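Novice: Any chance you can model this:
(one chain, ligands or ions: 1)
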Amino acid sequence: MTASRGGSEEARQLADLAGFAVLGAILAPARLVRAGPTACLVRRATGLPCPACGLTRSWNAAGRLDLRRSLADHPLGLVTLALAAYWATREPEAGATVPAPGRAALAALAIAWLGVWLARLRAALLSPAAR
Ligand SMILES: [Zn+2]
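Specialist: Residues are numbered from 1 along each chain as shown. Purely as a prediction, here's the structure:
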């Protein structure tokens, strides 16, 4: 049996998508990312943040080494940027459908992401501006 080099097509596409997302968010002009119109349809329709709101700004700030702003824009921005950069630069494991670090790490990230989103949603709902 010979192991094929590289992961599944799905894993390679995910890695390519991660690379484009990292480069796009980092290379986009900061003034455009900060002052541009809100692209999020959820926020535009409801005024409330979706789970990914602030991620582009967070990655953009991280790309400029403004880590405090990155964390303020999205608490998981640095983690997700590191993960996306890792995926984009690593050859997926043979036969993998999800690039390493694998499903357990993704599950932990998903749980953290849900917790962060619920906290941000609660803060938005309780803020005086939302009333
Ligand atoms: Zn959003």
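Novice: what sits against residue 64?
Specialist: Residue 64 makes contact with residue 30, according to C-beta atoms under 8 Å, 6 or more residues apart in numbering. Every C-beta, even on glycine, is put in place using the N, C-alpha and C of the backbone.
Novice: can we see that at 10 Å?
Specialist: With contacts defined as C-beta atoms under 10 Å, 6 or more residues apart in numbering, residue 64 is in contact with 26, 30, 70.
Novice: List buried residues within those.
Specialist: Buried by 16 or more other C-beta atoms under 10 Å: 26, 70, out of these.
Novice: Now residue 68: which helix or strand?
Specialist: helix 67-73 (DSSP states H and E).
Novice: What's the local residue count around the closest residue to residue 59 other than its chain neighbours?
Specialist: The shortest distance from residue 59 to any residue that is not its chain neighbour, by C-beta to C-beta, 6 or more residues apart in numbering, is 3.6 Å, and that residue is residue 25. By other C-beta atoms under 10 Å, the residues close to residue 25 number 21.
Novice: I figured residue 25 was touching residue 52, is that so?
Specialist: No - in this structure, residue 25 is not within contact of residue 52 by C-beta atoms under 10 Å, at 11.4 Å.
Novice: Residues that sit against both of these two, list them.
Specialist: Listed contacts common to residue 25 and residue 52 are residue 58; contacts here mean C-beta under 10 Å, 6+ apart.
Novice: For the protein, which residues are neighbours of the ion?
Specialist: Applying C-beta under 5 Å from the ion, one finds that the chain approaches the ion through 40, 43, 50, 53.
Novice: Buried among those? Make that a ChimeraX selection.
Specialist: Selecting only the buried members of the residues of the chain next to the ion in ChimeraX, with burial defined as 16+ other C-beta under 10 Å, works like this:
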select :40,50,53
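Novice: tell me which of the residues of the chain next to the ion is nearest to residue 116?
Specialist: Of all the residues of the chain next to the ion, the one with the least separation from residue 116 (C-beta to C-beta) is residue 53, at 10.5 Å.
Novice: contacting residues for that closest one?
Specialist: Applying C-beta under 10 Å, 6+ apart as the definition, the contact partners of residue 53 turn out to be 38-40, 42-43, 73-74, 117, 120-121, 124.
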